[in-house]
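Novice: predicted model and sequence follow; I will ask about them next.
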Amino acid sequence: MAGRTYTTSEKAQRARLLAKGAKGAKGAYGDLSSIERQLDRIDRVAADRYEREQRALERQLDLAKDELAAAKAAEKTARPD
């Protein structure tokens, strides 16, 4: 599943660009390709950020599982006193 993580600034910039594009669709701006390129760039950066964050979360989860397994093994092998 591909997702995107936008910063607050990116959300605001996208909203401005989308509003500008909506006005342009009515003929006020003409060529909308620069708006589309800017939106595509923001989307690519946000998608890359999302993927990096997901990989980092997966690494943290794996580490937590390893720590839990080590603690369980230590508990099972501990000598009762």
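Specialist: In hand now; what should we look at?

Novice: going forward, measure contacts and count neighbours with C-alpha atoms only.
Specialist: OK.

Novice: from Leu32, how far off is Gln38?
Specialist: Gln38 sits at a distance of 10 Å from Leu32 (criterion: CA to CA, to the nearest Å).

Novice: same question, Glu53
Specialist: For Glu53 relative to Leu32 (CA to CA), the value is 32 Å.

Novice: over to Thr77?
Specialist: 67 Å.

Novice: so between these two, which is more surrounded?
Specialist: Neighbours were tallied for Thr77 and for Leu32 using other CA atoms under 10 Å; the higher tally belongs to Leu32 (16 against 9).

Novice: list phi and psi for the more buried one.
Specialist: Here is the backbone geometry of Leu32 (degrees, to the nearest 10): phi -100, psi 10.

Novice: pLDDT score assigned to it?
Specialist: Looking at Leu32, its pLDDT is 85.

Novice: same thing with Ala78?
Specialist: Ala78 is given a pLDDT of 87.

Novice: how many other residues sit next to it?
Specialist: For Ala78, the neighbour count with other CA under 10 Å is 9.
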